[in-house]
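Kindly return the folded structure for what I paste below:
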Amino acid sequence: MKYLFLILLVLPEISKSEEKPKISSESIYQIDQIWNTEKGKSLNLKDLAGNPAVVTMTFTSCPGACPLMVSDIKSFDKLLTKKEKKKINYYTFSIDPAHDTPQALQKFYEKMNLDKRWVLLTSDKDQAREMAAILGFSYKELGNGDFTHSTSLYLLSANGELLARKERSSDWKEFLDKFRAQFKKNKI
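As a prediction, the model looks like this:
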């Protein structure tokens with residue numbers, strides 16, 4: 001009986017630590033969309049909740065801006081402490097779902113030398129357009145397999161609320177300040 005009592009005392013702590021943050025009406029994670037990862041796993045946007053995240057939209061055959069955006073995000077990551085690095089994720093949503101299969105995403109993942117905190121996502125044209133509209137990311141297909149697009153990066157809270165937007169050429173101060181405020185506020 002003594003052991004059962006101890007187990008019952010420990011169980012609420014275990015389940016509490018695994019809880020996902022509450023999804024608010026301001027969260028991008030409230031949108032009911034299924035995306036596929038570079039590993040071929042299907043997931044709902046709400047599955048991304050849990051840690052603050054830096055998000056952008058890319059396409060894997062991009063000759064310039066997209067690899068630079070990923071490199072910029074990696075520069076942000078270098079500004080973080082070891083403890084902070086454990087509590088942030090990086091998501092890139094494809095604007096070219098016709099070509100960005102999970103296999104293409106995996107090749108890009110490897111080429112860019114990304115780690116397990118990164119998730120590359122592809123879906124369909126409608127969902128890519130909806131995600132772009134929600135984030136305020138502009139892009140246009142040029143018809144030759146190329147796209148013109150913005151270079152915006154977004155910082156999301158652990159529950160998917162937009163905290164900051166950054167253009168590729170601007171500095172990381174606002175992102176870093178807002179991420180650290182989230183880090184302290186949520187004791188993550």
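
For stretch 58-77, the averaged confidence score.
Over the span of stretch 58-77, the pLDDT mean works out to 93.

before we move on, what about stretch 88-97?
Over the span of stretch 88-97, the pLDDT mean works out to 96.

Pull that stretch out as PDB, backbone CA atoms only.
Written as PDB, here are the backbone C-alpha positions of stretch 88-97 (Å, rounded to 0.1, in the frame of the first residue of the first chain):
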ATOM      1  CA  ILE A  88      13.600  26.000 -29.000                       C
ATOM      2  CA  ASN A  89      12.600  24.400 -32.300                       C
ATOM      3  CA  TYR A  90      13.000  25.500 -35.900                       C
ATOM      4  CA  TYR A  91      10.200  24.900 -38.500                       C
ATOM      5  CA  THR A  92      10.400  25.500 -42.200                       C
ATOM      6  CA  PHE A  93       7.200  25.200 -44.200                       C
ATOM      7  CA  SER A  94       7.500  24.500 -48.000                       C
ATOM      8  CA  ILE A  95       6.000  26.900 -50.500                       C
ATOM      9  CA  ASP A  96       6.700  24.200 -53.200                       C
ATOM     10  CA  PRO A  97       4.800  21.100 -52.200                       C
END
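
Pull the residues that contact it.
By Cβ atoms under 8 Å, 6 or more residues apart in numbering, the surrounding residues in contact with stretch 88-97 are 35, 48, 50-61, 70, 73, 77, 80, 100, 105, 114, 117-125, 127-128, 131-132, 137, 139, 141, 147, 149, 179. From N, CA and C alone the C-beta is placed, and that goes for glycine too.

Let's see that with 7 Å instead.
Here stretch 88-97 makes contact (Cβ atoms under 7 Å, 6 or more residues apart in numbering) with 48, 51-59, 73, 80, 100, 117-125, 128, 131-132, 139, 147, 149, 179.

Pass me the low-pLDDT residue ranges in the chain, would you?
Per-residue confidence for the chain (pLDDT under 70) gives these ranges: 1-21, 168-170, 186-188.
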